[in-house]
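> what's the 3D shape of this:
(one chain, ligands or ions: 1)
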Amino acid sequence: MKKKILMMATGGTIASRPTEHGLAPAVHAEELLEGLTDLRETYQIDTLEVCSIDSTNMTWKHWLKLAECLEHHYQNYDGFVICHGTDTMAYTAAALSYLAQNLGKPVVLTGSQRPFGQQITDAGRNLRDAVCVAADPRCRGVQIVFNGQIIAGTRAKKVKSFSFDAFTSINFPLLGLVQNERVI
Ligand code: ASP
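Predicted structure coming up:
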C-alpha cells in the first residue's frame, strides 16, 4: 500500500514566478509536483491550496487555518507536507508545534530559496526530501526539512537569505538528515 501524503500549499518563493513587480506566488501545488512524477509512483500525494501568499504576509489566522486543515485531514493521511515561504517558515513551524502537540505523524514544512521553475533551484530537492520525511514512520511532529536537514519545528531559525543552507537548529541537535532520499 502506498503511503498517503497531503501536500498543502501556502505560496512563498517555491511557488513563485517572475512578474514585472518581482517574484510572486503563482504556482499551484499540482504544478509543483509535475516535475516529480516518480514520487507519485511511490507515494499517493494529494494536494490542498491553503493560500497563495508571500510568507511575510502570514498571520495567526493562516496558522489557525493550517491547524484546522491538519485536524480535518489528520486521520486520512500518513504524513503532511506544507510548502511555505522561507521568511516566516520558522514562526509557522513553532506556532503549529504548539497548536498541534503530541502528533503521532510527521508534519513537514519546506520551501526553497529559488523558485520551482528556475534552472538552478533547491525546490525539487527540498520537496522530495520533505515527502520522504512525511512518509517515514520514524518521524513525527512538526519539523522543517531544508537542504537535507531535519530541524525540530520549535528550534529552526532562518540564518541565510540566499544560500541553500538557509536554516539552522538553535541549541538543539538536528533531528536527522536526508541523503539521496534516505532519512537518516
Ligand atoms: N519572501 C519569500 C517568502 O517568505 C521568501 C522565500 O520564500 O524564500 O514567502
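
> how about the residues of this structure by the ligand?
Taking CB under 6 Å from any ligand atom, the part of the chain that reaches the ligand is made up of G12, T13, D54, S55, T56, G85, T86, D87, G111, Q113. Yep, even glycine has a C-beta here, placed from its N, CA and C like the rest.

> OK, contacts around the fifth one?
Read that as T56. By CB atoms under 8 Å, 6 or more residues apart in numbering, T56 lies in contact with G85, D87, T88.

> out of these, which end up buried?
Neighbour-count burial (16 or more other CB atoms under 10 Å) applied to these gives G85, D87, T88.

> would you list every one of the strands in the protein?
Under the criterion DSSP state E, strands of the chain are mapped to 3-11, 16-19, 22-25, 43-53, 79-83, 106-110, 141-146, 149-152, 156-158, 167-169, 176-179, 182-183.

> mind listing what the closest residue to C132 other than its chain neighbours touches?
Excluding the flanking residues, the one nearest C132 by CB to CB, 6 or more residues apart in numbering is E181, at 5.2 Å. Counting by CB under 8 Å, 6+ apart, E181 makes contact with R128, D129, C132.

> close enough to count as contact, the last one and Q179?
No. C132 is not in contact with Q179 according to CB atoms under 8 Å; the separation is 10.1 Å.

> pick out whichever of those two has more residues nearby.
C132 (25 against 10; other CB atoms under 10 Å).

> give the full set of residues in contact with the more buried one.
Neighbouring residues of C132 by CB under 8 Å, 6+ apart: V178, E181, R182, V183.

> so which of the contacts of E181 sit within helices?
Applying DSSP state H to these, the entries found in helices are R128, D129, C132.

> how many other residues sit next to M89?
26.

> same check, this time on I5
Using other CB under 10 Å, I5 has 25 neighbouring residues.

> contacting residues around the residue of the chain at minimum distance from the ligand?
Nearest to the ligand in the chain, going by CB to the nearest ligand atom, is G85, at a distance of 1.9 Å. The contact partners of G85, by CB under 8 Å, 6+ apart, come to T10, G11, G12, T13, I14, P25, I53, D54, S55, T56, M58, G111.

> and those residues, which is the shakiest by pLDDT?
When the contacts of G85 are compared by pLDDT, P25 scores lowest at 88.

> and the least confident of the contacts of C132?
Lowest pLDDT within the contacts of C132 is found at E181 (91).
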